Each structure stands twice: as structure tokens, then as C-alpha cells.
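Engineer: Quick one: sequence plus predicted model below, questions after.
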Number of protein chains: 2
Amino acid sequence: MAPTLKDVAERAGVSRSAVSRTFTDGASVSAKMRKRVEKVAQDLGYSPNVLASSLTTGRTKLIGLVSNNFHNPIFLEVFDLFTRALQDKGLRPLLVNLTDETDPANSVRLLRQYSVDGVVVASSTLPPGFGLAFRDAGMPVVHAFGRVTSAPQVHVVSIDNIEAGRLAARSLMARGYRRVGFMGGPEAASSTQDRLKGFVSELANHPEIIVSQSFASAYTFDAGRREMLTLLAGPRAEAYFCGDDVLSIGALSAIQDRQLSVPQDIGIIGLNDMEMAGWNNINLTTIRQPIAEIVHSSIELMTAMLGDLARVPEARIFACHIVERGTLRPLPQATGANGLG
Amino acid sequence: MAPTLKDVAERAGVSRSAVSRTFTDGASVSAKMRKRVEKVAQDLGYSPNVLASSLTTGRTKLIGLVSNNFHNPIFLEVFDLFTRALQDKGLRPLLVNLTDETDPANSVRLLRQYSVDGVVVASSTLPPGFGLAFRDAGMPVVHAFGRVTSAPQVHVVSIDNIEAGRLAARSLMARGYRRVGFMGGPEAASSTQDRLKGFVSELANHPEIIVSQSFASAYTFDAGRREMLTLLAGPRAEAYFCGDDVLSIGALSAIQDRQLSVPQDIGIIGLNDMEMAGWNNINLTTIRQPIAEIVHSSIELMTAMLGDLARVPEARIFACHIVERGTLRPLPQATGANGLG
DNA sequence: TTGATTTTTGCAACCGGTTGCATAAACCGC
DNA sequence: GCGGTTTATGCAACCGGTTGCAAAAATCAA
């Protein structure tokens, strides 16, 4: 159906190589030849088949975009940013949905079959085994929203979850909360553990503050709501740092059910700053992850890897900051000013 | 890096054809040969390169998944369902983000370069020119959430937007509203026009009911909020049928700002039934689109097309129904029972 | 104009597979 | 064991491109 290089060559009366060369930049073609070929190509509506060329060049310009996170609205923003950033670099995202997948070998096989040039893992909950398996299969890997360590085994672009935990703790203290709670995401996820670690360690210097902790079973509204309902049944804290914005909204719904008011009776601080958090009937105070920066940095790292396969893994860490809205009491001092930056 | 068919053939001491045949089902290979080859393939970690084989078979098993809708949470559900359904059929989604794209020719070129086997357009706002351009380029096309017509030019799987408009009108009347408003999505979209048409035509039989109409500029929270704020500044209706759930939530936020209460002062009915609509601090009465059914039917249609390229375009229409929640007054008669089905 | 140098072009082999065809091997009934 | 059929295998050409190499053409300096 679609015209091929051979068609163009015959019609233009030149060799196939000549046609090929007009479409690969850096190749040696005279201006005359190029013009002639381009004319015919235009007429025929020819455009080169990337997949065929990949056989010899070894590059498909296909990037596996793998995630297991198809229920958190923040990831729609993430996918939007990733797909556009990849497109801008002339790369194509091959979307891989890893929900319910536990064996990295399957994914490796799959990505191999399509000989993707690289893999972007976009998830804060996918176990590190996946990234490692891709790397071991010889593919450049960038793990966005992954766990930051001092000796990363694959490239990681993320926030410092420990620091985020600290930031949350400091914010709550600064607002005068004395009994604070950590209501994390899935306990097994390293991001949860890191945030807890930061949260607790910051508070360790303040023995007067009472800390409790618990975990929601997933990053979902229902899990957040359920967890908060059980928390409210016992002795409750004055404010909670929730695992993410979706959990926070679930928690808010539980609080509302109990006729308690926010932030007077209970304060909530989330994490992510998804679009919805700013909707003014939600108005959630939260810690903002700089999504766009993380995505762009991930792509930058990926394209760098495509040029230098041997590049040694690095971790890129982005700073978080608090977005003041209505679910935490204001700071005691001057309005708006926030010494915690 | 990755082992090739040749490697396996040499190692097993058989011809390349033999190896190829063990991996294509329906091919003639003895059990003995198959066993031998599979053993070696296993040892080497070989799996066939789909892209290379596509050169001769003409099938890449790549499906372009194109959308321009990366800001509406319902589409995260849609992407989740599509990617999983495609995976189950052994197909791979090549995600194409058409935000800001106006020229179908670019997308055609792009999808051609990757010689996708077919294209799924998932959008209610993308102009029909895109689907047609893909079709004209010889690709099987299914337009999910597209416009239903009696003589479809490409396969369409969707709800009947006219009927949805009627359903909304009937629901509002049944609940005793006398002044009703249509607050649609982008005016140019055919889905908006169809819903309006249905809404108005149903009410045409009831001259005692006063109807107004307006349009939000996009399917976003802000647009919905803005539009409702201007509506509230004038003579307002008792209930509004909003273009979708996101617009509805924006509208609710505006209503809340004006200290009006829902559903006592104003009723709202949305469309989509995205997950969030059921969150009980939103609790939106809405018209449910059967997303999963639409997606599965789309994929079914796509796989059918792959087997029969000449298949004549059809429209598959799914019924909508109302999901009763808290933003519309209850029906006057018995609780819960809903005569409108 | 000539010979040396640079640039452009085509040939042919190759990338990793598939497949029609011919031949070889296995199977069948007797 | 035989001839006849069916099944399995390998050869070689092909899919749509790219690329090293050598020959041809263009450019340059003298």
C-alpha cells in the first residue's frame, strides 16, 4: 500500500542508496540529487519506514513507557508530559501497563520483541527489580519517581522522599500541631518508608510531640477514607501527613462524615499537588512534586543515554515545597510568609 | 546484544527456517525439532523480533492510540482499559498525544513510519478529519467516543449523545424542575451539539418548561466554574445538565461559593460517571457512559478489522443510564425506584 | 590541460526475520 | 521390502531499508 524506497528510486531513476541518503541527514548527497528525490517522494507520499531502518541502524526511536499507575489522576498529567516531551525529541512512547504484573521477565521479553531504544519507568510503587531487569537486558533505563539512593543502579529522577517527610513534619510543627500522624501509602513501597523515616526523624528532636503512624492499603480514595475512619475511631491526632493527594481527599471525606471540620478540628497535608488539589472545593494543602521538571529531566537523561550507553547511573533529586491552601491552620506569625521555603 | 534467529539456528545446528517455524504457529515443524529449538532458544534467552518479522508479514501488532484528551480524569480510566485490552490481544499501544495538533497529515506520516496495524482514536472532541485521514492512508480505524451517524465513515463506538441529552431532560422533568439549563462543553464539538439537540427536542413537547443554554470553553474545572459563575449572576435555572463530570464539579464549586446549596437551590447532573463522581464528598448525580464496554467493543472491532480490512464501517451504540447520587432532588414517588432506566 | 583530490553515486551485502518451492525423511498399506 | 503419500526440512529470495567500498564525476591547483 504505502510507497517504498524502491518505488521512489525507480520513479526517480536513481539507486536505492541515493534515496536512502536523502532521508538520512549527514549523508553525502548532492543538492541536485536531493531535490530530485524529494520531488518524487513528495508526489508519491513516501516517508521512510522507521522499523525497517531500525534493522540496520539498531535504533527504533521507540521508548517503553512503563507504569503500574493507572488510577491516580496525577499520572494522567505525567503521561501527558511524557508523551509530549518524547514527541518533541522524535521518540515514540510504547505504553506498557504493568498493573497486576509481577514478573519482570515478561516485560523484558515484550520490550525486547519491539527492540525499544530505552525504557522509562514511571512509578513510585513498582519494585526496583523491574528497572534492574531492563538494565540487565541491555536497555537504557530511567526510573522517574523511583527511589533515590546514594549508589543508584539505574538512573533515577525523583524527589527526596526523606526530605519530603521532614518538610511535612516541620510544617506541622510550625503550625503548632502537637499530636501528629503519618498516614502513609502502601507500607511496602520504599517511597512510603522513606517519607516515614524523614517524618519521624525530624520529630525525634522534639520529644514533646506525639507521633502516630498508619498505612493505607493503596493510593486510592477508598483506602484513604477507610484508613481515616479507623483512625477517627480511636484517639486521634491533630493533623495528618497523608501519602498522597488522593489519600488526602479520601481522608477529608471521612472527616466530613464525622462532622469534624478542617482545619479547625483536624489538619491534613497531602503530597503531589495534582490539579484537583487546587480545585477550590477541595483546596488541599499539599507538598508539591515538580512533575514537569522530573519528566523533562528524565527525558534529558534518556536522550543522553541513547548517545552514551555506558553512562554511569545518576540520581537527580528535585526539591519539594509546600502549597498553602485550606486544610492546615495558618502559620502563627505573619500571613502567607513561610519560613520553611 | 540480544540473540537472533541466526544464533539459535547455528547453536542448534538447524536451518534458520526451522527456528522461524517453531515460533510461528501453524507452521510445519516436527515435535522433535520444536523441542530442540526451544531448548536452545531458552538457553540463549531468544525471543523473535516482531519488527523484523513485520517486514515480511506486514503486521507490527502496533496499534496507534491517539487522543487529545490528557486533562480529563476519565481518560486515565480509558487508557488503562485500552492498554490492558490491547495487551490481552497481543497488541501494543503506540501512544500519540494530539494536544495542539491540527494537521492530520503529520499524524498520518508518523503512524505510517511505524506502520501501525491500526488506529484507535479515543476522543470526543477530535475533529472527524483525523479518523478519515487515517482511513484514507489505508489504516483500520476505530473512533471510540466519536460521533455516531447513520452512515459512519469509520467505525464508531460510542453512546448516543442525542439520547443522552433526552435522558437528561427527562430526568430533570421527572424531578419536577421547571426552569432547566444546558451548560455544555465546547460548542464546536459534535458531541455537545448532539446532546443539546436531544435535550432541547425532548423539552419541546413540554412548552411549560423554560430552557436556557450556554457553553463552557473546555472540559475543565475552571471553565465549568467560570461558566456557572456567570450563569449565577443572571436569572438562573433550577437545574443544569453539564457537559461532563469535570465541568459539573467546577459548577458545584461556583454554586458553593455563592452560598447556594445543592440540590435544594440548584440541581446538577453530569455525564461520564468518572470514578471521582462517586467519591462521597462530591457525590455527583450523573449519566454513566459505559466506558469498559465501549473500550472492549472498540478492541473487538479493531481485531475484526485486522482480519478483514474491507469490513464496512459500523456504529456501535451503547445505552447510558443515570447514576443517582446527591446533586439532583429525588424523584417525587417511591425512594430509589427510577422509572427512566 | 593535466593529474591529484574531493565529492557523489551505485553495487552488493547485510539487518532479523518469513515463505514458496524443491528435496529429503517419515509414514502408510500391502 | 516396496511404491506412493504425507510431512519436515533447507535453500534462496524477499521484506524495506542502510552502509562499506570502489568506481565515476566533479572540483581544484598548477
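Structural biologist: Structure's in. What do you need?

Engineer: sec struct for the closest residue to residue A:278 other than its chain neighbours, please.
Structural biologist: Among residues not flanking residue A:278 along the chain, residue A:325 sits closest, at 7.2 Å (CB to CB, 6 or more residues apart in numbering or on different chains). Glycine gets a C-beta too; all of them are placed from N, C-alpha and C. The local conformation at residue A:325, judged by DSSP: H, G, I helix; E, B strand; the rest coil, is coil.

Engineer: Thought residue A:281 was touching residue A:325, still the case?
Structural biologist: No - proximity of residue A:325 to residue A:281 does not meet the contact threshold set by CB atoms under 8 Å, at 11.5 Å.

Engineer: and the residue nearest to residue A:278, how many neighbours does it have?
Structural biologist: By other CB atoms under 10 Å in any protein chain shown, 18 other residues sit near residue A:325.

Engineer: From residue A:285, how far off is it?
Structural biologist: Relative to residue A:285, residue A:325 is positioned 5 Å away (CB to CB, to the nearest Å).

Engineer: same check, this time on residue A:53
Structural biologist: Counting by CB to CB, the gap from residue A:53 to residue A:285 is 51 Å.

Engineer: These two: which is more packed in?
Structural biologist: Using other CB under 10 Å, the more surrounded residue of residue A:53 and residue A:285 is residue A:285, with 25 against 18.

Engineer: any idea of the pLDDT on the more buried one?
Structural biologist: Here the pLDDT value assigned to residue A:285 is 98.

Engineer: from memory it sits against residue A:326, does it?
Structural biologist: Yes - counting by CB under 8 Å, residue A:326 is a contact partner of residue A:285 at 6.7 Å.

Engineer: shared neighbours of the two, anything?
Structural biologist: Shared contacts of residue A:285 and residue A:326 (CB atoms under 8 Å, 6 or more residues apart in numbering or on different chains): residue A:263.

Engineer: Heading C-terminal from the top helix by length along chain A, find the next helix or strand.
Structural biologist: The longest helix of chain A (DSSP state H) is helix A:291-307. Sequence-wise, the next helix or strand downstream of helix A:291-307 (DSSP states H and E) is strand A:315-318.

Engineer: Show me the contact partners of that next one.
Structural biologist: Contacts to strand A:315-318, defined as CB under 8 Å, 6+ apart, come from residues A:148-150, A:152, A:155-160, A:289-290, A:293-294, A:297, A:301.

Engineer: Mark which of those residues are buried, thanks.
Structural biologist: Taking 16 or more other CB atoms under 10 Å in any protein chain shown as the criterion, what is buried in the contacts of strand A:315-318 is A:148, A:152, A:155-160, A:289, A:294, A:297, A:301.

Engineer: okay, those residues in CSV with distance to chain B, pLDDT and secondary structure next?
Structural biologist: Shown next, in CSV, are those (distance: CB to the nearest CB, whole Å; pLDDT from 0 to 100; DSSP: H, G, I helix; E, B strand; the rest coil):
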residue, distance to chain B, pLDDT, secondary structure
A:148, 26, 87, coil
A:152, 22, 90, coil
A:155, 19, 97, strand
A:156, 23, 96, strand
A:157, 20, 97, strand
A:158, 21, 96, strand
A:159, 22, 96, strand
A:160, 27, 94, coil
A:289, 17, 96, coil
A:294, 17, 98, helix
A:297, 19, 98, helix
A:301, 20, 97, helix
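
Engineer: Quick check: the farthest pair among the residues you listed?
Structural biologist: Spanning the widest gap among the buried ones among the contacts of strand A:315-318 are A:152 and A:289, at 18.5 Å by CB to CB.

Engineer: quick one, helices of the stretch 1-150 of chain A?
Structural biologist: All helices of the stretch 1-150 of chain A, identified by DSSP state H, counting those that start in this stretch, fall at A:5-12, A:16-23, A:31-44, A:50-57, A:74-88, A:104-113, A:128-136.
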